[in-house]
Every structure is written in structure tokens, then in C-alpha cells.
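# Need a 3D model of the following:
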Amino acid sequence: MNKDAKIYVAGHNGMVGSAIVRLLKKEGYSNIITRNSRELNLKDQVAVNSFFEQEKPTHVFLAAAKVGGILANNTYRAEFLYDNLMIAANVIHASYEHKVEKLLNLGSSCIYPKLAPQPLKEEYLLSGELEPTNEPYAIAKITGIKLCESYRDQYGCNFISAMPTNLYGPNDNYDLKTSHVLPALIKKFHQAKKNNLPAVEIWGTGSPQREFLYVDDLAEACLHLMLHYDEKLFVNVGSGKDISIRDLAELIKEVIGFEGNLALDTSKPDGTPRKLMDVSRLKQHGWSYSTELKEGIQLAYQDALEKGLLDD
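Next up is the predicted model:
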């Protein structure tokens, strides 16, 4: 991918897409195409095809998606399935139709079976039942992977997929109704400190293990894969380290300086018991993460404070 390549970043306003755009600009890529959802509805096949016909990008980062945490995934099941299916199908097919040289499709670690062996290896895909609370989203993301593989098999397209672990960082979603666990905890502890509350409620038992990756690290991995990876099998992207939700809460509590207690609400679901990615394949291809969790939380908290994202 040359510095003057015409690069389309789908989902550039989101946490992942904005990190990719930041990195591309930093690395000297100047011909970057973006459209917000008002300008281009990725669920509209005619509109997507027209956009590709007009702009003719040579490289595509497919980072657009409808995303959310356990509550959002379980509540808006039809939307999560339909929206993500349409986005993937329309962008991938248009990339084939208009001869995109290379496409990187971004998925999610929720594609793996609920009780798959740990750490999660790429070959565990479709080896068991999915976690029920996010099954629609997972099915849509699995379909995106299979579309890339199938267009490669049938048409010879250089379409690859990367499966990130849980992400956090600049431009994250801090809406407690739809956010993931890490930004939700940052907001809860910030507000508890601000309002001098005695405790912060944590969903579930606190025992599930989760892996987290700073989003700017993911952007670096995506660029690395775009430049150096051309194989059919999708690639896990993560830190290769996990932490319990309770220990994560304690770490965020420390970063924010909250002096109160943790209150576990065991009536709420835990979700998948553990999700740790096996990232050995990515390491073999020359990339590993650099931002440790505490440093990343500090950076994310500062970003959210500066943008006023933590106060309703």
C-alpha cells in the first residue's frame, strides 16, 4: 500500500475507525476517504455501490459496525444482526465489484463459542454454541469472516479479517445503556467520586476474565496486517493477557482515585466466563501490543475528561 493509495476507512467516526485514520495520517497516508452515516448509509446496497463506483478506493478498512455491551446486544438483537450483516455484505461485495486491491474486515472476539478452550485459537471458530447474550452480533461478524474467505476462494480477492479483543481508548462509548464494561466502569467510578457515593455497583460476580487492548495498538496491528498479511485465515488481535472484572474495577478505581467500595450485583449476567485470545499467530507475523492496561486506562480517562464524556 503506497503512501498515495486511495484508502476508504468505513466507520471513521467510531473508536476503531478514528484510531486507524489517526495512524494513517501520522504515517503519511494522505488520500483517505471517509463518509459519516448521514452521507452514506452502509446498510443501503445501492448507495454503497454508487459510492464505490464514484470514489474507486484501492484499499478498504471495514471498521463500521453497530456495537455495544451485554445489555445492548441482548436488547437490540434484531438490529445487531441485521445492521452488521448489511454493512459487511454491502462493503465486501462492492469492494469485489469495484476491484479493491485489499480489504481488511474487522470482527470481534465474541465470534468464539461460549465454552471454547482458552486461550482462543483461530481454529476454534464454529466449534460450539455461542454466548446467547451476543449471538446475533457474533453471527453477523462470523458471516463477515466467511464472506471474505468466500470472495477470496471464488474470485481471488485479497480480503482478510482481524478479530480484536475488547477495545478501549479515545472516542469510546460512555453511555451506560450501550457501553462495554471498561468505559462503563470509568464513568461509574468518575461519577461516584464526583458525587461522593459510598460504593460503585459492578454487574455479576466479578469473576469473568477479560482481555483488553488499547485502540491505538489495534490501529497499528491493522496497518501491519494491511501491509504484510495476505492469508485466508483470520487473525486474532489482542494483548494475550486477561484480568478479572473485579480486578479491572479495582484498577480503574485506583486510576480515578475513588475511595469507596465495590458492590457486586450477582442478579446481573456475567456473560462468557473467560475470553482470552491466542495471539501467537499475529506475533509470528511480526506484531505485538505496546500499551499496558493501567497506562491505557489513564489515557482513556484523560481523553474522556477532556471531551466531557463522563458527565450526563
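
# drop to CA atoms for contacts and neighbour counts, all remaining ones
OK.

# Quick check, residue 272 in contact with residue 132.
No. The criterion here is CA atoms under 8 Å, and residue 272 misses it with residue 132 at 9.2 Å.

# ok, the nearest residue to residue 249 once chain neighbours are set aside - how many residues close by?
Nearest residue to residue 249, sequence neighbours excluded (CA to CA, 6 or more residues apart in numbering): residue 185, at 6.7 Å. With neighbours defined by other CA atoms under 10 Å, the count for residue 185 comes to 24.

# which secondary structure element contains residue 185?
Assessed by DSSP states H and E, residue 185 sits inside helix 181-194.

# List the buried residues for that helix?
Using 16 or more other CA atoms under 10 Å as the test for burial, helix 181-194 gives 181-193.

# returning to that earlier point: same drill for residue 272 and residue 132, tell me which one is more crowded.
Between residue 272 and residue 132, counted using other CA under 10 Å, the more crowded position is residue 272 (19 against 14).

# For that one, which non-adjacent residue is spatially closest?
With CA to CA, 6+ apart, the residue lying closest to residue 272 is residue 114, at 5.7 Å.

# So that neighbour is in contact with residue 128, correct?
Yes. The pair residue 114 / residue 128 is scored as a contact, 7.4 Å apart, by CA under 8 Å.

# Those two: which has the busier surroundings?
A side-by-side neighbour count of residue 114 and residue 128, using other CA under 10 Å, places residue 114 first with 19 against 12.

# residues in contact with that one?
Contacts here follow CA atoms under 8 Å, 6 or more residues apart in numbering; on that basis residue 114 touches 128-131, 272-273.

# cool, residue 82 as well?
If you count contacts by CA under 8 Å, 6+ apart, residue 82 has them with residue 140.

# hey, C-alpha coordinates of the helix or strand where it lies in PDB?
Following DSSP H and E, one finds residue 82 within helix 77-97. Presented in PDB, the C-alpha positions along helix 77-97 are these (Å, rounded to 0.1, in the frame of the first residue of the first chain):
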ATOM      1  CA  ARG A  77     -30.900  -8.500  18.900                       C
ATOM      2  CA  ALA A  78     -32.600  -7.900  15.500                       C
ATOM      3  CA  GLU A  79     -30.800  -4.600  14.900                       C
ATOM      4  CA  PHE A  80     -27.400  -6.000  15.800                       C
ATOM      5  CA  LEU A  81     -27.900  -8.900  13.400                       C
ATOM      6  CA  TYR A  82     -29.400  -7.000  10.500                       C
ATOM      7  CA  ASP A  83     -27.300  -3.900  10.600                       C
ATOM      8  CA  ASN A  84     -24.000  -5.700  10.900                       C
ATOM      9  CA  LEU A  85     -25.000  -8.300   8.200                       C
ATOM     10  CA  MET A  86     -25.900  -5.500   5.800                       C
ATOM     11  CA  ILE A  87     -22.800  -3.400   6.400                       C
ATOM     12  CA  ALA A  88     -20.500  -6.400   5.900                       C
ATOM     13  CA  ALA A  89     -22.300  -7.700   2.800                       C
ATOM     14  CA  ASN A  90     -22.600  -4.400   1.100                       C
ATOM     15  CA  VAL A  91     -19.000  -3.200   1.700                       C
ATOM     16  CA  ILE A  92     -17.400  -6.500   0.900                       C
ATOM     17  CA  HIS A  93     -19.400  -7.100  -2.300                       C
ATOM     18  CA  ALA A  94     -18.800  -3.500  -3.500                       C
ATOM     19  CA  SER A  95     -15.100  -4.000  -2.900                       C
ATOM     20  CA  TYR A  96     -15.200  -7.000  -5.100                       C
ATOM     21  CA  GLU A  97     -17.300  -5.300  -7.800                       C
END
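
# Which stretches in the protein count as helices?
For the chain, helices defined by DSSP state H occupy the ranges 15-26, 45-55, 70-75, 77-97, 135-155, 181-194, 215-228, 245-256, 280-284, 293-306.

# Dump the ones you listed to a markdown table, plus distance to residue 168.
As requested, the helices of the chain are exported to a markdown table (distance: least, CA to CA, whole Å):
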| stretch | distance to residue 168 |
| --- | --- |
| helix 15-26 | 8 |
| helix 45-55 | 28 |
| helix 70-75 | 16 |
| helix 77-97 | 20 |
| helix 135-155 | 19 |
| helix 181-194 | 7 |
| helix 215-228 | 6 |
| helix 245-256 | 13 |
| helix 280-284 | 20 |
| helix 293-306 | 7 |
